[in-house]
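[1] Sequence first, then the predicted structure, then my questions.
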Amino acid sequence: MKKTLVAWFSLVSLCLLLAACGARDGAASSSRAERGKPRVSVDSMTVMLRRAPAANASIGPDGSLRIDDIELPLPQAQRTQLQQLFMHLQMQRQRTLETAAPDPNMRSVGFATTPEISALQSAVLHDIPSLQPYQESFGNLQAERR
């Protein structure tokens with residue numbers, strides 16, 4: 001009898017513990033789904049293009065393009081296009097963060113494209129075939145607070 005009571009108590013305790021550790025209102029699953037969406041993340045030093053299952057692509061301030069941490073050799077004209085895209089995305093990120101409400105959790109803030117960004121995006125996607133898989137990412141621009 002005593003062993004049965006201990007077993008039931010252990011089972012109930014385990015169930016309560018698992019229920020307490022679970023996410024509230026599906027927050028974990030929705031944030032996981034949000035992280036999985038194609039997006040362009042703009043932080044202070046890089047522009048990161050993400051689209052599962054493709055590898056991440058990053059654009060540096062010098063117009064360099066890295067896919068899966070491997071730098072792609074590009075002609076100077078394409079590097080200049082990427083450098084201009086980087087610059088315009090950085091300016092729009094700065095404008096967005098200046099007007100965004102403070103967030104202690106440092107979550108990213110979505111921002112709208114500008115005509116300049118749209119024109120450069122189209123040119124880059126047309127001229128650099130390696131970026132074609134990331135076309136959908138440009139529909140979700142995110143300003144990182146870091």
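    Okay, I see it.
[2] just the helices in the protein please.
    Counting by DSSP state H, residue ranges of the helices within the chain are 2-21, 27-36, 76-99, 115-127.
[3] least reliable of those going by mean pLDDT?
    Out of these, helix 27-36 stands lowest, with a mean of 52 (criterion: mean pLDDT).
[4] pretty sure residue 92 is touching residue 109, no?
    No - Residue 92 is beyond contact range of residue 109, at 10.9 Å (criterion: Cβ atoms under 8 Å). (Each C-beta comes from the backbone N, C-alpha and C, glycine too.)
[5] Between these two, tell me which one has more neighbours.
    Higher neighbour count among residue 92 and residue 109: residue 92, with 19 against 16, using other Cβ atoms under 10 Å.
[6] per the record, what domains does the protein have?
    Following automatic domain parsing, one finds the domains of the chain at 1-36, 38-143.
[7] Among those, show me which one is buried the most.
    domain 38-143 (a mean of 16; mean count of other Cβ atoms under 10 Å).
[8] Now do the end-to-end distance for that domain.
    Start-to-end span of domain 38-143 (Cα to Cα, to the nearest Å) is 14 Å.
[9] For the residue nearest to the spatial centre of the chain, give its distance to residue 56.
    The structure's the chain has its C-alpha centroid closest to residue 41; by Cα atoms, centre = their mean the separation is 4.5 Å. Using Cβ to Cβ, to the nearest Å, we find residue 41 at a distance of 9 Å from residue 56.
[10] between the two, what contacts are shared?
    Each of 48, 50 lies in contact with both residue 41 and residue 56 under the rule Cβ atoms under 8 Å, 6 or more residues apart in numbering.
[11] sorry, back to before: intersection of neighbour lists for residue 92 and residue 109?
    The contact lists of residue 92 and residue 109 share residue 143, where a contact means Cβ under 8 Å, 6+ apart.
[12] Not counting sequence-adjacent ones, nearest residue to residue 44?
    residue 146 (6.8 Å; Cβ to Cβ, 6 or more residues apart in numbering).
[13] separation between the one you found and residue 120?
    For residue 146, the distance to residue 120 equals 24 Å [Cβ to Cβ].
[14] One more: residue 133?
    Taking Cβ to Cβ, one finds residue 133 at 18 Å from residue 120.
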